[in-house]
Structure formats: C-alpha cells, structure tokens
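Participant: What follows is a predicted structure for the sequence shown.
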Amino acid sequence: MNKTGFIAAFAEKADLTKKDSEAIVNAALNIPVSKAPVFKVSKALKDAINPQS
C-alpha cells in the first residue's frame, strides 16, 4: 500500500475527507520516531582496538 492508498483507507475508516486525512497522516509522518543518542567510535578507541589500521 502506498501513501495515497493509505490516506484513502484512513479517510474511509475514520469517516473523514481525504484532505483532512492527508493532513493528519502528513503530520504523523513528520514526528521524529526516536531521539536516542547515537554512539560513534572515536579514533582513539579504534586505534586502541586495532593498532594496525
């Protein structure tokens, strides 16, 4: 199912217009899913683990 099909199905189930459903779906898709910190290995740690590279 593509985005257009999803919006149409959502509009039918929620008894809304396609325009209103599109606004709701677009707003929901713009919310960041996660703000978990990302671990990046530093050069010093890489060198300590693998001194040949």
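Facilitator: Happy to help now that I have it.
Participant: going forward, measure contacts and count neighbours with C-alpha atoms only.
Facilitator: Noted.
Participant: I'd like the distance between the spatially most central residue of the chain and Met1.
Facilitator: Nearest to the geometric centre of the chain sits Val33, at 5.2 Å (C-alpha atoms, centre = their mean). Val33 sits 21 Å away from Met1, going by C-alpha to C-alpha, to the nearest Å.
Participant: same deal with Lys46?
Facilitator: 43 Å.
Participant: remind me which residues of the protein are low pLDDT?
Facilitator: Counting by pLDDT under 70, the ranges of the chain that qualify are 53.
Participant: quick one on the thing from earlier: compare Lys46 and Met1 and say which is more crowded by neighbours.
Facilitator: With neighbours defined as other C-alpha atoms under 10 Å, Lys46 and Met1 compare such that Lys46 has more, 12 against 7.
Participant: What helix or strand is the more buried one located in?
Facilitator: helix 43-49 (DSSP states H and E).
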